[in-house]
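Novice: here is my input; please provide its structure:
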Amino acid sequence: MGLYDDWECGSCNKLFNTWRARDNHIDSTRHRYPAFECDSCSRTFGSESARFQHMSDLEHFEHECRRCGMTWPTEEQLTEHEHKTHHYCAECDRKFLSHHNLTQHLRSSKHQGQNIKCPFCKNPSATATGLTHHLESGSCSVASGLNRDTLYKFVRSKDTGGVFTKNLIGYRGSSQYEANDQSYNPCLGRYECYLCHRLFGLLSGLNQHLNSPTHQQALYHCPNRSGCGKEFKSLAAIINHLESESCGFTRFENVQRGIQSVVSGDRLITF
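Specialist: This is a model prediction of the structure:
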């Protein structure tokens, strides 16, 4: 607050040289503040609209941007401004190169915590994608039988309307590939994938690549059929797509709330 000579008590109209003296008077007498006083200076007004116009014109709102000094009526409006205009996280005092980078940061475990629990082993995850990958990769110690294929069949049985699972008639599961030493390319000094020709330093790395969804059939499609239509080979991939809000079909928060109905329970899947 600035220093003026007319800080007024709202009950007795007594004037004080500083805002601190006026505040001490109000605290000791239990008097009240003026009804329509500026948040940053001693000006008082006859109506809320006049007060608001004054603070808007002179940037006298209480909440000040840490990057440019603009002021805002509420903390929520200030935060939105700092996020969208400056890509700035005030809590961490970090500026990001893009709004996308800031969004990823705000959705990390640092800000979201780890509030999404596995329905089987109860291990926490920060996002719906994290939980889905945990189950789809066979990492759950309690539900070790779950993998890409079994999870697809389970989700497909609940997604009777084909909201985001593809109806693959006669689907028998993922194709199985395994490389051996004959995959070694002596000219390049690397193991070579015979499907995409990607190179790997170790045979185990090549086999891990072959056992990933990379060369498998797409099992899912974006529910935004007319506006997006992308296809995905894993449940974690489509959940990550929806979390990113890249096609505008749903919000990140909706995916976090809806993930439990995707992987557990008896409800049919909706978005």
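
Novice: run through the stretch 1-150 of the chain and note the low-pLDDT ranges.
Specialist: 1-5, 109, 113 (pLDDT under 70).

Novice: so what's S174 closest to, chain neighbours aside?
Specialist: Nearest residue to S174, sequence neighbours excluded (CB to CB, 6 or more residues apart in numbering): Q216, at 5.0 Å. Glycine gets a C-beta too; all of them are placed from N, C-alpha and C.

Novice: which residues does L58 contact?
Specialist: Applying CB atoms under 8 Å, 6 or more residues apart in numbering to L58 gives the contacts 40-41.

Novice: give me phi/psi at the residue nearest to S174?
Specialist: For Q216, the backbone dihedrals are phi -100, psi 170 (criterion: degrees, to the nearest 10).

Novice: what is the neighbour count of it?
Specialist: Applying other CB atoms under 10 Å, we find 17 residues neighbouring Q216.

Novice: now what about stretch 95-106, what contacts it?
Specialist: 67, 83-84, 86-89, 92, 94, 111-112.

Novice: my guess is W72 meets E82, correct?
Specialist: No: using CB atoms under 8 Å, W72 makes no contact with E82, being 9.4 Å away.

Novice: now do the shared contacts for the two.
Specialist: In terms of CB under 8 Å, 6+ apart, W72 and E82 are both contacted by the residues C65.

Novice: who wins for most neighbours among the contacts of stretch 95-106?
Specialist: In the contacts of stretch 95-106, the most neighbours by other CB under 10 Å go to Y88, 21 neighbours.

Novice: contacting residues around that one?
Specialist: Each residue near Y88 by CB under 8 Å, 6+ apart is listed here: 66-67, 82, 94-96, 102.

Novice: repeat the analysis, applying 10 Å as the threshold.
Specialist: Y88 sits next to 65-68, 79, 81-82, 94-96, 102 when contact means CB atoms under 10 Å, 6 or more residues apart in numbering.

Novice: so which of the residues you listed comes closest to G145?
Specialist: Using CB to CB, L102 comes nearest to G145 of the contacts of Y88, at 39.0 Å.

Novice: how far away is that closest one from S108?
Specialist: 11 Å (CB to CB, to the nearest Å).

Novice: these two: who's more crowded?
Specialist: Taking other CB under 10 Å, L102 and S108 do not tie; L102 has more neighbours (20 against 12).

Novice: so which strand or helix has the more buried one?
Specialist: Per DSSP states H and E: L102 is located in helix 99-106.
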